[in-house]
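**Student:** Sequence and predicted structure are below.
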Amino acid sequence: MKIGIDILEVGRDIPMGVFSKYEIDYIRNKGVRAKETAAGIYAAKEAYFKALGTGIVKSQLALVEVRHNEAGVPYLSGVNAVLSISHTDKLAVAVCVIPQS
């Protein structure tokens, strides 16, 4: 099993190019919680690459898409991993677990 975690401050400048159309729409639909949601999704992407152990290359963050199921639970599209995202109005944190292959 591989684990990655990331935490960042809400409101930090995040380049929009790392988000897919789905993610941008999801963030915009969060209204007043949009900044927290964006930070959580960004943290999830970084947590995934930390779990992979490849290091984080900013241009690769757009290759991973965070989606949400009917219950609002986040997951990484097309990736065998478990994802958890949490945030307050100041901090966002994400944990990604990749099972043994």
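**Tutor:** Alright, I've got the coordinates. Numbers count the residues shown, from 1 in each chain.
**Student:** What score does residue 101 have for pLDDT?
**Tutor:** Residue 101 is assigned 67 on the pLDDT scale.
**Student:** which stretches of this protein have low pLDDT?
**Tutor:** Along the chain, segments meeting pLDDT under 70 span 101.
**Student:** Okay, strands next: where are they in it?
**Tutor:** 2-9, 66-68, 74-76, 82-87, 91-98 (DSSP state E).
**Student:** Single out the most deeply packed of these.
**Tutor:** Of all the strands of the chain, strand 91-98 has the most neighbours on average by mean count of other CB atoms under 10 Å, namely a mean of 21. In short, each C-beta sits where N, CA and C put it, glycine included.
**Student:** Show me which helix runs longest in this protein.
**Tutor:** helix 34-52 (DSSP state H).
**Student:** in that helix, what counts as buried?
**Tutor:** 35-52 (16 or more other CB atoms under 10 Å).
**Student:** just to revisit the earlier point, of the strands of the chain, which approaches residue 26 most closely?
**Tutor:** Comparison of the strands of the chain against residue 26 by CB to CB identifies strand 66-68 as nearest, at 6.8 Å.
**Student:** what's that closest one packed up against?
**Tutor:** helix 21-28, helix 34-52, strand 74-76 (3 or more CB pairs under 8 Å, 6 or more residues apart in numbering; DSSP states H and E).
**Student:** Measure how far it is from the centre of its chain, please.
**Tutor:** Distance, stretch centre to chain centre, for strand 66-68: 8 Å (CA atoms, centre = their mean, to the nearest Å).
**Student:** How about residues contacting that strand?
**Tutor:** 22, 23, 26, 41, 44, 45, 74, 75, 76, 77, 83, 85 (CB atoms under 8 Å, 6 or more residues apart in numbering).
**Student:** Try it again at 7 Å.
**Tutor:** 22, 23, 26, 41, 44, 45, 74, 75, 76, 77 (CB atoms under 7 Å, 6 or more residues apart in numbering).
**Student:** Need those residues in a markdown table (columns: distance to residue 95).
**Tutor:** Output for the contacts of strand 66-68, formatted as a markdown table (distance: CB to CB, whole Å):
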| residue | distance to residue 95 |
| --- | --- |
| 22 | 21 |
| 23 | 18 |
| 26 | 19 |
| 41 | 14 |
| 44 | 9 |
| 45 | 13 |
| 74 | 11 |
| 75 | 13 |
| 76 | 12 |
| 77 | 18 |
